[in-house]
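K.L.:
A predicted structure for the sequence below; I have some questions about it.
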Amino acid sequence: MIEELNAIVGKDHVLSGDDVERWKGDWLGQYFADPIAVVRPASTQEVSAIVKLGNATKTPIVPVSGNTGLAGGVSGKGQIMVSMERMNTIHEVRKASRIAIVDAGVVISDIHAAADEHGLVFPLTFGARETALIGGSMSTNAGGSNVVRYGNTRDLVLGLEAVLPTGEIVDLMSELRKDNSGYNLKHLIVGAEGTLGLITKAVLKLSPKPLAYATAMVAVPSIADSLELLNKLQDATGGAVEAFEYMPRVYIEHHLSVDDTAREPFDAPHDVNIMVEIGTTVAEDAAPDALGEIPFVAKFENILANLFETGEVLDAVVAQNEAQRKAMWSRREAAGVIINHPQLVNHDIAVPLEKVATFLEIMGKRLQEIDPGATEMVVSHLGDGNIHYAVWGKSQDPDTPDAITEAVEELTKQLGGSFSAEHGIGVGKLKSMKRRKDPVAIAAMKAIKAALDPNNIMNPGKVLPE
């Protein structure tokens, strides 16, 4: 096997033994891999040859990107791991049509920089953007902090190229906004976590870069009040809210304890802390006036001031420069470090916007019944109803984590939500899929998987429960 892989990509790009150490574990240290080899192709044709070899020998193929996933999507043993890191070319950025054509191995932050050079923005953003690759983000249909305005990864992909489980290359590199020619295979492959093929290239949708941002930390009396704040900001700005992120007091306190550079968001502590950012592409709103004030930011400050007078806002701090804006974002993007814990029970759920407060109220009480003394470490993309409900367990009973998860799932289902919002299924949520996903839907997914991957070589054991 190693010799045949050497012949495909060259000896220097087939790694085994100690050389695969950095691919053996995920960044939370919860899921592990033990591959035959890590192979680093440089072209779609090489990927195709690798997959054909895997299919012929019935050897599992597991694509790996930045390895920043949270659901064990690249874990396993005895597989060929295909790293996309050498396929890292940004082929083209077209300003007029607002698209970028990129390889699957391009780092998210590099796409940000390339778009920025043309006065555009690729709006997918999250804490791991400096290491996460676009192929992995597509495979998991990643969300991030700007979903409220721009949508998930699937909404940002116009076309793609992929290698199917047979090794055949499917060319779906459409640049069209409209294409109604049969089944949407692009949408099927995006979010499939590598189980239906290996993404090699993409056409991405770019947006105009805001000429000015207004960013603030805002304290409100309750989470229910935060929804009113979101709606009023959307109405007043024509839907310009880019991020609307909730951080409770316990999150703020832990951030202060793990980061020496962290500062309190307000002079006095508050229970419900929201980071909100809005952006404008209207030139007259972004141009400083005679006093040096930016009209867009001044309008934002006036909205908050009026809400403060009515008691709908308890406190607000608006960033006055880029350093202050980055500090606010840093507080939110530290979530990956903040939530990690030896007894972490991690959940990534979504509920309707008006049900977020209900979920947190009911689940907070239920958690203490199941595991007295356990700590909720919550952070939420509140603008789209996505709650990262992390629990630091207290009980040593090995059945307690499952009991917590079942309670989270049951309440989520009652509220019309989903047990998986943006992190994917991997192996971490296979039990959840079996318990909560409609069995007819699972049967349909299995039929698709069997049709495209009859030898079950593409990332087997992920997404679909036995």
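P.N.:
That came through fine.

K.L.:
alpha carbons only for contacts and neighbour counts from here, please
P.N.:
Will do.

K.L.:
Give me the buried positions along stretch 149-159.
P.N.:
For stretch 149-159, burial by neighbour count (16 or more other C-alpha atoms under 10 Å) applies to R149, Y150, G151, N152, T153, R154, L156, V157, L158, G159.

K.L.:
ok, now which ones touch the closest residue to I99 other than its chain neighbours?
P.N.:
Among residues not flanking I99 along the chain, K205 sits closest, at 4.8 Å (C-alpha to C-alpha, 6 or more residues apart in numbering). K205 sits next to R98, I99, A100, F122, L156, V157, L158 when contact means C-alpha atoms under 8 Å, 6 or more residues apart in numbering.

K.L.:
I303 too?
P.N.:
By C-alpha under 8 Å, 6+ apart, I303 lies in contact with L233.

K.L.:
Make 9 the first number, not 1, from now on.
P.N.:
Happy to do that; since the first residue is 9 now, the last one works out to I311.

K.L.:
can you tell me how far it sits from L241?
P.N.:
For I311, the distance to L241 equals 8 Å [C-alpha to C-alpha, to the nearest Å].

K.L.:
if I look at the nearest residue to P473 once chain neighbours are set aside, how far off is G432?
P.N.:
Once flanking residues are discounted, P473 sits nearest to L438: 5.3 Å by C-alpha to C-alpha, 6+ apart. Distance of L438 to G432, computed by C-alpha to C-alpha: 10 Å.

K.L.:
Of those two, which one has the most company?
P.N.:
The neighbour comparison of L438 against G432 (other C-alpha atoms under 10 Å) goes to G432, with 25 against 19.

K.L.:
any idea how far the residue nearest to P473 is from A298?
P.N.:
Counting by C-alpha to C-alpha, the gap from L438 to A298 is 59 Å.

K.L.:
and what of P462?
P.N.:
Applying C-alpha to C-alpha to P462 and A298 gives a distance of 68 Å.

K.L.:
quick one: which of those two has more around it?
P.N.:
Legend: neighbour count by other C-alpha under 10 Å for P462 and A298, higher for P462 (14 against 7).

K.L.:
Domain boundaries for this protein, per the record?
P.N.:
Here the domain parsing of the chain from automatic domain parsing is 10-91, 98-216, 220-343, 348-453.

K.L.:
name the element the nearest residue to S83 once chain neighbours are set aside belongs to?
P.N.:
Nearest in space to S83, with sequence neighbours left out and distances taken as C-alpha to C-alpha, 6+ apart, is A41 at 4.5 Å. Following DSSP states H and E, one finds A41 within strand 41-42.

K.L.:
Next: N63.
P.N.:
Element membership of N63 [criterion: DSSP H and E] is helix 52-65.

K.L.:
Next, the buried residues of that helix.
P.N.:
Buried residues in helix 52-65 (16+ other C-alpha under 10 Å): T52, Q53, E54, V55, S56, A57, I58, V59, K60, L61, G62, N63.

K.L.:
Present the residues you listed as JSON lines; the columns should include distance to V326 and pLDDT.
P.N.:
Below are the buried residues of helix 52-65 laid out as JSON lines (distance: C-alpha to C-alpha, whole Å; pLDDT from 0 to 100):
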{"residue": "T52", "distance to V326": "47", "pLDDT": "98"}
{"residue": "Q53", "distance to V326": "51", "pLDDT": "98"}
{"residue": "E54", "distance to V326": "51", "pLDDT": "98"}
{"residue": "V55", "distance to V326": "48", "pLDDT": "98"}
{"residue": "S56", "distance to V326": "51", "pLDDT": "98"}
{"residue": "A57", "distance to V326": "54", "pLDDT": "98"}
{"residue": "I58", "distance to V326": "52", "pLDDT": "98"}
{"residue": "V59", "distance to V326": "52", "pLDDT": "98"}
{"residue": "K60", "distance to V326": "55", "pLDDT": "98"}
{"residue": "L61", "distance to V326": "56", "pLDDT": "97"}
{"residue": "G62", "distance to V326": "54", "pLDDT": "97"}
{"residue": "N63", "distance to V326": "56", "pLDDT": "97"}
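
K.L.:
In a markdown table: the residues you listed, plus distance to D405.
P.N.:
Converted to a markdown table, these look like this (distance: C-alpha to C-alpha, whole Å):
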| residue | distance to D405 |
| --- | --- |
| T52 | 48 |
| Q53 | 50 |
| E54 | 48 |
| V55 | 45 |
| S56 | 47 |
| A57 | 48 |
| I58 | 44 |
| V59 | 43 |
| K60 | 46 |
| L61 | 45 |
| G62 | 41 |
| N63 | 42 |
